[in-house]
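1. The sequence isn't on hand, but the structure is:
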């Protein structure tokens, strides 16, 4: 459709673009400032006027980071907790999604609504009894305790139910049954392989959710070796307020994996997060 | 004879389907057992126990706790720190919701027309959303630094004197609002954008034929059709804002941050009472209040939107 654009509209569009560009600048400036400053030698970090990019770039802040606090350990803890949480969420969500979408049994709706409804209650409001339960299970300051609340995900069950319900035909399952497959085997050889893309999308969201967790690991990790990256950073910036370079280098490292994954899988992540109301 | 045989076969058939049915049901319950037990342990029981704990004087140290009725709630009403936290959180939530929702809507309208730059914009506006809160709060704390920070430098260009952003309670609250809006605005924008792009273009064409233009199109077509999305975003942002914790924890602790209780919010108060002072019952009463506030606000928001429709 060939449109004749009046001058007034053209000016409008230009100002749209200008506003959007300005917003873009505001969005990226803090990141540039952080990454740039993390490469500055200490005196340059507190120089006035502040600059974005270092005049004399140095890796010093990164190289000395491990000496100041066990950041390698923090990173490992985050990686372990997030990976196990992701695997558990993928397993429980896919299995439950399969059951909720392809079978009928007494109590089905009740269980499904229960899983969704409890997600509406903010985590922070039932934190205290949860802590007491984990304490009774003797899981304070352990990986198991840190993972437990992140072992299931209501949204994951919902997503997998939708996906399996719409993408796997009942005939295929019946064909498998005629060939003598048990229900469990149907799950393994038909449902899981055919849901790979939904499982992948859920996996990213689950991983990000666990990686970003803060208040739970903060409460649960009572010794420094158990801190996750987020908790370690928050503690480090409290105690070493003079070590700006180290704090900024640590922040950059903790953001990096997420940014890289995001740049590769941008579409899936944006779609996954907007379609569902899930939020970091 | 033949009839009896058929009947017999039907019986066998029925028995077989029943045993198949039973096998499938067993599978269903076995498959759901682990996930349902975890939900029970980490959600259902804690949610119920929050209410039960809120009427006790439970603490971490003493294992025995006594029923004390509504005493915790009565004490909360005269607890200055709690009231301050309630006030701050409410102010924070309203400011964050108002700013991030209106700016998200504006940005989505600006981005509605797809251009070659759209994917770039979407990516960049989404960066803060996917970034963990702790490093983000650290950067902003540094940006707000009174002597070396970028914020005061930018203000300096405009001839504004340096501000101690995180030093004074009133300003610090707004500093945290700015950071939070910056972090969430891209999310709200994307959701509005999905909503906008789902509005069939024939509505606009029909309205244009009827003579609607510019703002008229927005007022009579876009806005009414966007209402469910608007409601969703407001509800989600309100809930998240009432639960604000991480950015407050990072920005108001440490030497260069604000001292002590500058910006006290509800979850911070709950956390401190429960895990620093071990007042589990008291903190649970606070959590119940937080839960009720969120519930009432959500219901109210649904009601307002419904009555207008």
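-> Perfect, thanks for sending it. Bear in mind that the values here come from a model prediction, so they are computed numbers and not experimental data. Residues are numbered from 1 along each chain as shown, chains lettered A, B, ... in the order given.
2. Which of the three states applies to residue A:140?
-> Of the three states, residue A:140 takes coil under DSSP: H, G, I helix; E, B strand; the rest coil.
3. Which residues are in contact with it?
-> When contacts are counted by C-beta atoms under 8 Å, 6 or more residues apart in numbering or on different chains, residue A:140 touches A:134, A:220, A:222. (C-beta placed from N, C-alpha, C; glycine too.)
4. In terms of pLDDT, where does the second one sit?
-> Okay, so that is residue A:220. If you check residue A:220, the pLDDT there is 96.
5. any idea which of the contacts of residue A:140 has the most stuff around it?
-> residue A:220 (25 neighbours; other C-beta atoms under 10 Å in any protein chain shown).
6. so what's it up against?
-> A:131, A:134, A:139-142, A:145-146, A:226.
7. Redo the contacts of residue A:140 as a markdown table? Include distance to residue A:24 and secondary structure.
-> Listed next are those as a markdown table, based on distance: C-beta to C-beta, whole Å; DSSP: H, G, I helix; E, B strand; the rest coil:
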| residue | distance to residue A:24 | secondary structure |
| --- | --- | --- |
| A:134 | 43 | helix |
| A:220 | 38 | helix |
| A:222 | 42 | coil |
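8. Mind picking the one among those residues that's closest to residue B:214?
-> When these are ranked by distance to residue B:214 (C-beta to C-beta), residue A:220 comes first, at 54.5 Å.
9. Secondary structure class of the closest residue to chain B within the stretch 151-280 of chain A, three-state.
-> Here the stretch 151-280 of chain A gets closest to chain B at one residue, residue A:251, 3.5 Å apart by C-beta to the nearest C-beta. Secondary structure for residue A:251, judged by three-state DSSP, is helix.
10. shaky segments in chain A?
-> A:1-8, A:239-242, A:275-280 (pLDDT under 70).
11. Centre-most residue in it?
-> Relative to the mean C-alpha position of chain A, the nearest C-alpha, by C-alpha atoms, centre = their mean, is the one of residue A:208, at 1.0 Å.
12. tell me the mean pLDDT for stretch B:182-193?
-> Per-residue scores along stretch B:182-193 average to 94.
13. Measure how buried the residue nearest to residue A:151 when sequence neighbours are not counted is and give me the count.
-> Nearest non-adjacent residue to residue A:151, counting by C-beta to C-beta, 6 or more residues apart in numbering or on different chains: residue A:88, 4.2 Å away. Neighbour count of residue A:88, defined by other C-beta under 10 Å: 22.
14. helix or strand for residue A:88, which one?
-> Taking DSSP states H and E as the definition, one finds residue A:88 inside helix A:71-102.
15. Heading C-terminal from that helix, find the next helix or strand.
-> helix A:108-117.
16. So what's the gap between that next one and the chain middle?
-> Taking C-alpha atoms, centre = their mean, to the nearest Å, one finds the center of helix A:108-117 at 24 Å from the center of the full chain.
17. cool, stretch B:177-197 as well?
-> How far stretch B:177-197 lies from its chain's middle: 13 Å, per C-alpha atoms, centre = their mean.
18. Are that stretch and chain A in contact anywhere?
-> Yes. Contact between stretch B:177-197 and chain A is present through B:182, B:184, B:186-187, B:190-191, B:194 (criterion: C-beta under 8 Å from any C-beta of the partner chain).
19. Mark which of the residues you listed are buried, thanks.
-> By neighbour count, with 16 or more other C-beta atoms under 10 Å in any protein chain shown, the residues of stretch B:177-197 next to chain A hold B:182, B:184, B:186-187, B:190-191 as buried.
20. JSON lines for these, including secondary structure?
-> JSON lines is the format used below for those (three-state DSSP):
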{"residue": "B:182", "secondary structure": "helix"}
{"residue": "B:184", "secondary structure": "helix"}
{"residue": "B:186", "secondary structure": "helix"}
{"residue": "B:187", "secondary structure": "helix"}
{"residue": "B:190", "secondary structure": "helix"}
{"residue": "B:191", "secondary structure": "helix"}
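21. Can you name the residues that contact the residue of the stretch 151-280 of chain A closest to chain B?
-> Applying C-beta under 8 Å, 6+ apart, we find residue A:251 in contact with A:34, A:38, A:233, B:134-135, B:138-139.
22. Of those, which pair is most distant in space?
-> A:38 and B:134 (15.1 Å).
23. which of these two has more neighbours?
-> Set residue A:38 next to residue B:134 and count neighbours by other C-beta under 10 Å: residue B:134 wins out with 28 against 25.
24. That one against residue A:214, yeah?
-> Yes. Between residue B:134 and residue A:214 a contact is recorded at 6.2 Å, counting by C-beta atoms under 8 Å.
25. which residue does the stretch 51-200 of chain B bring closest to chain A?
-> residue B:135 (3.5 Å).
26. was I right about that residue contacting residue A:233?
-> Yes. With contact defined as C-beta under 8 Å, residue B:135 and residue A:233 form a contacting pair (6.3 Å).
27. where does chain B have low pLDDT?
-> For chain B, the ranges with pLDDT under 70 are B:1-6, B:62-63, B:254-261, B:308-309.
28. distance of the residue nearest the centre of chain B from residue A:220?
-> Computing the C-alpha centroid of chain B and ranking residues by C-alpha atoms, centre = their mean puts residue B:240 first, at 2.1 Å. Here the distance between residue B:240 and residue A:220 works out to 22 Å (C-beta to C-beta, to the nearest Å).
29. Pull the number of nearby residues for residue B:7.
-> 10.
30. quick one: buried residues of the helix or strand where it lies?
-> Assigned by DSSP H and E, residue B:7 falls within helix B:2-39. By neighbour count on 16+ other C-beta under 10 Å, the buried set for helix B:2-39 is B:24, B:27-28, B:31-32, B:34-36, B:38-39.
31. still on that earlier bit, tell me which other helices or strands the helix or strand that contains the residue nearest to the centre of chain B touches.
-> Applying DSSP H and E as the criterion places residue B:240 in helix B:223-242. Packing partners of helix B:223-242 (3 or more C-beta pairs under 8 Å, 6 or more residues apart in numbering or on different chains; DSSP states H and E): helix B:80-111, helix B:169-197, helix B:280-308.
32. Go through the ones you listed and name the closest to residue A:59.
-> Of the helices and strands packed on helix B:223-242, nearest to residue A:59 by C-beta to C-beta is helix B:169-197, at 28.6 Å.
33. next helix or strand past that closest one?
-> Criterion used, DSSP H and E; the element after helix B:169-197 is helix B:201-209.
34. which secondary structure elements does the following helix or strand past that following helix contact?
-> Heading C-terminal from helix B:201-209, the first helix or strand you meet, by DSSP H and E, is helix B:214-217. With contacts defined as 3+ C-beta pairs under 8 Å, 6+ apart, helix B:214-217 has these neighbours: helix B:201-209.
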